[in-house]
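> Everything below, folded, please.
(chains A and B)
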Amino acid sequence: MNTRALFKIAKRLGFYALTAVVLVYAIFPFYYAVITSLKPSSDLFRMELWPSAPDLANYATIFSESSFVRAIGNSVLVAISVVFIALLLGITASYALGRVRFRGRTTVMLTILGVSMFPQVAVLSGMFEVIRALGLYNNPGGLILSYTVFTLPFTVWVLTTFMRQLPMELEEAAIMDGATPWVTITRVFLPLMWPAMATTGLLAFIAAWNEFLFALTFTLTDSQRTVPVAIALISGNSQHELPWGPIMAASVTVTVPLVILVMIFQRRIVSGLTAGAVKG
Amino acid sequence: MTSTVSDNSVSDSPTPQRADTPSADRTGYRGTKVRRQRVRAAWLFLTPMLLSLLIVAAWPLLRTFYLSFTDASLSDTTGGMFIGFENYLVHDDGAWYGLLADPVWWTSVWNTVYFAVVSVSLEVVFGIIVALLLNAEFKGRMLVRAAVLIPWAIPTIVSAKMWAWMLNDQFGIINHLLMLLGIIDAPLAWTADADLSMWAVIMVDVWKTIPFVALLVLAALQMLPSDCYEAAEVDGIHPLKVFFRVTLPLITPALMVAVIFRLLDALRVFDVIYVLTSNSTSTMTMSIYARQQLVEFQDVGYGSAASTLLFLIISFAVVIYLYLGRRQLGVEQ
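Below is the predicted model:
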């Protein structure tokens, strides 16, 4: 009896120890970035888990650079536009795919699934041509256009899942009242779709905010870049003199809004992820 | 493939569908007029999306295919001359040239496959462990679940930079800790050393994507029937045995979805590696190779050929997967 109780306690302790390890593993790198960003450059080489003389000098440095501030503006513009376009096109398409039975629906669904799976590099040179032909090279517009390729498929996919789960009776009632499909969407379904739209919108926002390959390739000058590219291109005098303080300050600045959003919408994100299994 | 799939059975996710899903169009039977109107509206609603996908996906993809048969370069906008398969393979003056004869290309293919297999395997193992942890009842479980999501929320570039700093050879905390514990006696150049850099890259990718796998697995775990477990407990069966005999088979569908999405991501990996090790050959993947040819060497034709091959490899993986896993994705009833 006694050994059994001991065994139980040991099991409990092991469980909490494992939980602690997972927690530290998940959080530590971000925490370390935060404390590094608060250190003056003279303290960078000192290993400590709490900055002895925290200051905001690194943040002052990055925000005094107009190109970084511009990059944040570009990222906000691009991400919000992408969310708006993806939701606009996604909501109507998801009604068609989720609630109407028609020939060719399976083909459309599989096409969308296929687009969500193909590698971005595969469209890189073709997209370059399209963007240049439209005069959108080195312009946030080119990024908004090209991000459609990876946000639209999963927005449609996830919204279709949600659209299917809405009760039949609502739509029947709307049809009995003589509502056209457009009225049904905007007046009956849209008010019910807000939670789903918040989820997919947030996922699209995160995807657009984080995108790197297109942003790196389709922009040329500092003033047109988005934040991931701006951070990747921060450089010092040489490989060994990277300004780690400002880099970490910029990293934290870009990440904090996302972490807060993810914490708030945590439950919804989980359901959205499982419905769409989108890339992070 | 589509001909074998019945029309009303496309299901979009591993989550269970409501029982009324197959009859989602019950209203359609009310009258042919309403039905016709709905089908017409459906196509009208799909048009903007299909048009956008045509502009951003289908057309660029076809142009990439075409450009791979030309000598187009980034600096001239005329699109280059048609040169057939020369970008892929050409016999000239007793030697083979082209992508298929380039050892660096084959190194990048090997690196990509190695990276994908190793990191996805690690992610699946750790993802399941974390999911089992989060599935247990304990105080502060929601808090832990939220915290575990943090790596997923961090932009890939930022996580690569954060780890580059932690792995820094001179001031990195990882070298510092390893030396403190006596595991190494001199700092390691994690991202510069050819033997270590692939592991550094895998380490960062695994850290970043465990939450994704864990969440998919957790969602599956939470839908498992509890009576199996009660029966197993009554019979006194060892928990490990229960896991391998009951839990694992039941979560396999969710696991397959996670694996395919991660595998596809890993095969097209670009950003983590570009930021951590730049264009180093020891970690070069197919995406990095293609972009380097395309942008840095300005060779659009050759780079497009590499992109096309990458596309073919990934399509091949998708087709095999869809074939094997039709039931799991719910495409076929």
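
> Name the helix or strand for the residue nearest the centre of chain B, please.
When chain B is reduced to its mean C-alpha position, the nearest residue by CA atoms, centre = their mean turns out to be B:Asp265, at 1.9 Å. Secondary structure assignment for B:Asp265, by DSSP states H and E: helix B:248-267.

> Quick one: list the elements packing against that helix.
Contact here means 3 or more CB pairs under 8 Å, 6 or more residues apart in numbering or on different chains; DSSP states H and E; on that basis helix B:248-267 packs against helix B:103-135, helix B:194-221, helix B:300-329. For the C-beta atoms, the positions are set from N, CA and C on the backbone; glycine is no exception.

> Out of these, the one nearest B:Glu233 is which?
Between B:Glu233 and those, the tightest spacing by CB to CB is seen for helix B:103-135, at 15.6 Å.

> Centre of the chain to the closest one, how far?
Centroid separation between helix B:103-135 and its chain, computed with CA atoms, centre = their mean, to the nearest Å, is 10 Å.

> now swap in stretch B:195-215 and tell me
The chain centre lies 12 Å from the centre of stretch B:195-215; the measure is CA atoms, centre = their mean.

> next one: stretch A:168-176
35 Å.

> That stretch: which residues count as buried?
Buried residues in stretch A:168-176, defined by neighbour count with 16 or more other CB atoms under 10 Å in any protein chain shown: A:Glu171, A:Ala174, A:Ile175.

> distance of the first one from A:Asp177?
Counting by CB to CB, to the nearest Å, the gap from A:Glu171 to A:Asp177 is 11 Å.

> ok, B:Gly182 - how many residues close by?
Around B:Gly182 there are 7 other residues, counting by other CB atoms under 10 Å in any protein chain shown.

> Next up, phi/psi of it, please.
With angles defined as degrees, to the nearest 10, B:Gly182 shows backbone torsions of phi 80, psi 20.

> pull the CA atoms of stretch B:295-311 into PDB?
What follows is stretch B:295-311, C-alpha atoms only, in PDB (Å, rounded to 0.1, in the frame of the first residue of the first chain):
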ATOM      1  CA  VAL B 295      17.500  35.700 -58.400                       C
ATOM      2  CA  GLU B 296      21.100  35.800 -57.500                       C
ATOM      3  CA  PHE B 297      22.500  34.300 -60.700                       C
ATOM      4  CA  GLN B 298      19.600  35.900 -62.700                       C
ATOM      5  CA  ASP B 299      19.200  32.700 -64.600                       C
ATOM      6  CA  VAL B 300      15.400  32.500 -64.900                       C
ATOM      7  CA  GLY B 301      15.500  29.500 -67.300                       C
ATOM      8  CA  TYR B 302      17.700  27.300 -65.200                       C
ATOM      9  CA  GLY B 303      16.000  28.400 -61.900                       C
ATOM     10  CA  SER B 304      12.600  27.600 -63.400                       C
ATOM     11  CA  ALA B 305      13.800  24.200 -64.300                       C
ATOM     12  CA  ALA B 306      14.800  23.600 -60.700                       C
ATOM     13  CA  SER B 307      11.400  24.900 -59.600                       C
ATOM     14  CA  THR B 308       9.700  22.700 -62.000                       C
ATOM     15  CA  LEU B 309      11.500  19.600 -60.700                       C
ATOM     16  CA  LEU B 310      10.700  20.600 -57.200                       C
ATOM     17  CA  PHE B 311       7.000  20.900 -58.200                       C
END
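
> I would like the residues contacting that stretch, please.
With contacts defined as CB atoms under 8 Å, 6 or more residues apart in numbering or on different chains, stretch B:295-311 is touched by A:118-119, A:121-126, A:128, A:217, B:61, B:64-65, B:67-75, B:80, B:83, B:87-88, B:98-99, B:105, B:267-268, B:279, B:286-287, B:289-294.

> Name the stretch among the helices and strands packed on helix B:248-267 that sits most buried.
Among the helices and strands packed on helix B:248-267, judged by mean count of other CB atoms under 10 Å in any protein chain shown, the one packed with the most neighbours on average is helix B:194-221 (a mean of 22).

> Just checking it against chain A, any contact.
Yes. For helix B:194-221, a contact with chain A is found by CB under 8 Å from any CB of the partner chain, at B:Trp207, B:Lys208, B:Thr209, B:Ile210, B:Pro211, B:Phe212, B:Leu215, B:Leu216, B:Leu218, B:Ala219.

> Sketch out the low-pLDDT regions of the stretch 101-250 of chain A for me.
Applying pLDDT under 70 to the stretch 101-250 of chain A flags the ranges A:236-240.

> As CSV, could you dump the C-alpha coordinates of stretch A:153-162?
Taking C-alpha atoms only, stretch A:153-162 is exported to CSV below (Å, rounded to 0.1, in the frame of the first residue of the first chain):
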residue,chain,number,x,y,z
PRO,A,153,-7.1,28.1,-50.6
PHE,A,154,-7.1,27.6,-46.9
THR,A,155,-9.6,30.5,-46.2
VAL,A,156,-12.0,28.8,-48.6
TRP,A,157,-11.3,25.4,-47.2
VAL,A,158,-11.8,26.4,-43.6
LEU,A,159,-14.8,28.6,-44.3
THR,A,160,-16.5,25.8,-46.3
THR,A,161,-16.1,23.5,-43.2
PHE,A,162,-17.9,26.1,-41.0
